[in-house]
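J.: structure for this input, please:
(one chain, ligands or ions: 3)
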Amino acid sequence: MATLEIRDLHVTVEADNATKEILKGVDLTVKQGETHAIMGPNGSGKSTLAYSLAGHPKYTITGGTVTLDGEDVIEMSVDERARAGLFLAMQYPVEVPGVSVSNFLRTSATAIRGEAPKLRTWVKEVKEAMERLNMDPAFAERNVNEGFSGGEKKRHEILQLELLKPKIAILDETDSGLDVDALRVVSEGVNRVRESGEVGTLLITHYTRILRYIKPDHVHVFAGGRIVESGGPELADKLENEGYEAYTKGGASE
Ligand code: ADP
Ligand code: MG
Ligand code: MG
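T.: Ligands and ions are numbered 1, 2, ... in the order given. Sure, this is the predicted structure:
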């Protein structure tokens, strides 16, 4: 079983001609088959964690380690991370002009599987996955993220997740901006992938509402650039009732 291990991760960004430390020692282990939720107030560094794991050049890792089955993730290129089985869905996905969803998915699948999926079975696979996500077949011919609505972006992420079958998936605010129907469809997709038992999921979110549809095995509270508390699903219920106030008092979020 694949294991993602984050140890004492420190990350800085350049802002206003100054170097600011955003992640201040993150420790987390996610195994294939497990579902973890990271929850925390706005500005606590959740997206910074996702971008750092994705290898975004704006984020400088100044300390700590990230490994996937013992292999150093920080040293890997973005492509190598995908091939190693890491999948990262960003809070604000980028547009890829001139590349259709269908070509993008096939290129990604080819990169990850090491060979191009057979066209016949692939077309069927994509069609069925899109149907499960209530997506219009015409969507496959649109350019990646170009003019996508919030809901379309998130469905597209889950479509990738279902087709690419990563070992570890990191989903940053997959729930934000979704109406209840879209939230249900997206959550069902995450649950289907989860039932395969072959994907470890790190669900990053500010709101507790997605946790009515996806029941995490582990819940972590993120504040001030690190995990400040970990527990089971009951911790999400506590956060729903009490919010994050207890964790941000006394400047804990800074
Ligand atoms: P969250 O996702 O928990 O809301 P973020 O990781 O987006 O938090 O942001 C954490 C802090 O880091 C904020 O103060 C934010 O302004 C700062 N930050 C994040 N990314 C950048 C960046 N690229 N440039 C400058 N500051 C950033
Ligand atoms: Mg935010
Ligand atoms: Mg964020």
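
J.: and the stretch 51-200 of the chain, which residues reach ligand 1?
T.: Lys58 (Cβ under 6 Å from any ligand atom). Placement of C-beta: from N, CA and C, glycine included.

J.: which residue does the stretch 51-200 of the chain have closest to ligand 1?
T.: Across the stretch 51-200 of the chain, the shortest distance to ligand 1 (Cβ to the nearest ligand atom) belongs to Lys58, at 4.6 Å.

J.: pretty sure Leu161 sits in a helix.
T.: Yes - looking at Leu161 with DSSP: H, G, I helix; E, B strand; the rest coil, it is inside a helix.

J.: still on that earlier bit, show the contacting residues for the residue of the stretch 51-200 of the chain closest to ligand 1.
T.: Counting by Cβ atoms under 8 Å, 6 or more residues apart in numbering, Lys58 touches 13-14, 51.

J.: within reach of ligand 3, which of those are there?
T.: Counting by Cβ under 5 Å from the ion, nothing from those sits close to ligand 3.

J.: from Lys249, how far off is Pro41?
T.: Using Cβ to Cβ, to the nearest Å, we find Pro41 at a distance of 11 Å from Lys249.

J.: picking that back up, now, the contacts of Lys58 that are in strands?
T.: Judged by DSSP state E, strands contain the following of the contacts of Lys58: 13-14.

J.: what's the neighbour count on the spatially closest residue to Ser100 that is not a sequence neighbour?
T.: Nearest in space to Ser100, with sequence neighbours left out and distances taken as Cβ to Cβ, 6 or more residues apart in numbering, is Glu141 at 5.3 Å. Using other Cβ atoms under 10 Å, Glu141 is surrounded by 10 other residues.

J.: again with the one 10 residues further on
T.: Other residues near Gly151 come to 16 when the count uses other Cβ under 10 Å.

J.: name the helix or strand for it, please.
T.: helix 150-164 (DSSP states H and E).

J.: so how far is that helix from its chain's centroid?
T.: Helix 150-164 sits 11 Å away from the centroid of its parent chain (Cα atoms, centre = their mean, to the nearest Å).

J.: in it, what's buried?
T.: For helix 150-164, burial by neighbour count (16 or more other Cβ atoms under 10 Å) applies to 151-164.

J.: swap in stretch 231-250?
T.: Neighbour-count burial for stretch 231-250 [16+ other Cβ under 10 Å]: 235-236, 239, 244, 247-248.

J.: those residues: which ones sit near ligand 1?
T.: Answer for the buried residues of stretch 231-250 near ligand 1: none qualify (Cβ under 6 Å from any ligand atom).

J.: most widely separated two among these?
T.: Using Cβ to Cβ, the two most remote members of the buried residues of stretch 231-250 are Ala236 and Thr248, lying 17.4 Å apart.

J.: what comes up buried for the worst-scoring helix or strand of the chain on mean pLDDT?
T.: The least trusted helix or strand in the chain, going by mean pLDDT, DSSP states H and E, turns out to be strand 96-100, with a mean of 83. Buried residues in strand 96-100, counted by 16+ other Cβ under 10 Å: Ser100.

J.: other SSEs contacting it?
T.: strand 143-144 (3 or more Cβ pairs under 8 Å, 6 or more residues apart in numbering; DSSP states H and E).

J.: pretty sure the residue nearest to Ser100 contacts Phe104?
T.: No - with contact defined as Cβ atoms under 8 Å, Glu141 does not count as touching Phe104 (11.2 Å).

J.: can you list the low-confidence ranges for this structure?
T.: Counting by pLDDT under 70, the ranges of the chain that qualify are 91-92, 250-254.

J.: do a quick rundown of the strands in it.
T.: 3-15, 18-31, 35-39, 60-68, 71-72, 86-89, 96-100, 143-144, 168-172, 200-205, 218-223, 226-231.

J.: the fifth one pairs with which strands, and in what direction?
T.: For strand 71-72, the paired strands and their directions (DSSP bridges) are strand 60-68 (antiparallel).

J.: now the strand it pairs with: how far from the chain's centre is it?
T.: On Cα atoms, centre = their mean, the centre of strand 60-68 falls 18 Å from that of its chain.
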